[in-house]
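Chemist: Here's my sequence, what's the structure:
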Amino acid sequence: MGKVVALMDDLFFQMKLAETAKLLGVELKVATSGDALMDLMESNPKLVVVDLNARSHPIETIEKLRLVRTDVHVVGFLSHVQVDLKAQAQKTCIQPACYDEFFLSSASLPSQWAPVFPRSPVPNRAHRQ
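Modeler: Numbering: from 1, shown residues only. Sure, this is the predicted structure:
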């Protein structure tokens, strides 16, 4: 099972991320502060998801994370109109993604989950019991 940790304080996005992780069979842990995220990094996640609009200074947190972990894939989500924030994220080695592109909304696997699931199919919701 892949491990994903997230930094986000928005409950709506926490629930959307949890739904996607559950559907894909991924272990997910969510932090609401930079210090809590750094503690979760001990679980050796394959993917870090960051809400770039979180109140907990996500860019600074990832800069701190990069000092100790350069091997982990980091995806940050934001609005498509936040061009300056996107540029900041890219300078910090964060792969930016728009909100609507990040969360699982169709039968296709979002490309941002690929480091955790290089070949995993998405279960068909229609055949659930």
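Chemist: going forward, measure contacts and count neighbours with C-alpha atoms only.
Modeler: Will do.
Chemist: residue contacts, the residue most central in space within the chain?
Modeler: The residue lying closest to the centre of the chain (Cα atoms, centre = their mean) is Val49, at 1.8 Å. By Cα atoms under 8 Å, 6 or more residues apart in numbering, the contact set of Val49 is 4-7, 74-77.
Chemist: Same question for Val72.
Modeler: Contacts for Val72 were tallied using Cα under 8 Å, 6+ apart; they are 45-48.
Chemist: mind giving me TSV with those and columns for pLDDT, secondary structure and distance to Pro96?
Modeler: Formatted as TSV, the contacts of Val72 follow (pLDDT from 0 to 100; DSSP: H, G, I helix; E, B strand; the rest coil; distance: Cα to Cα, whole Å):
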residue	pLDDT	secondary structure	distance to Pro96
Pro45	92	coil	18
Lys46	87	coil	17
Leu47	89	strand	13
Val48	92	strand	12
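Chemist: so which of those residues comes closest to Ile62?
Modeler: Set against Ile62, the nearest of the contacts of Val72 by Cα to Cα is Val48 (9.4 Å).
Chemist: So what sits opposite that closest one in the bridge?
Modeler: When bridges are called by DSSP bridges, Val48 pairs up with Val5, Val74.
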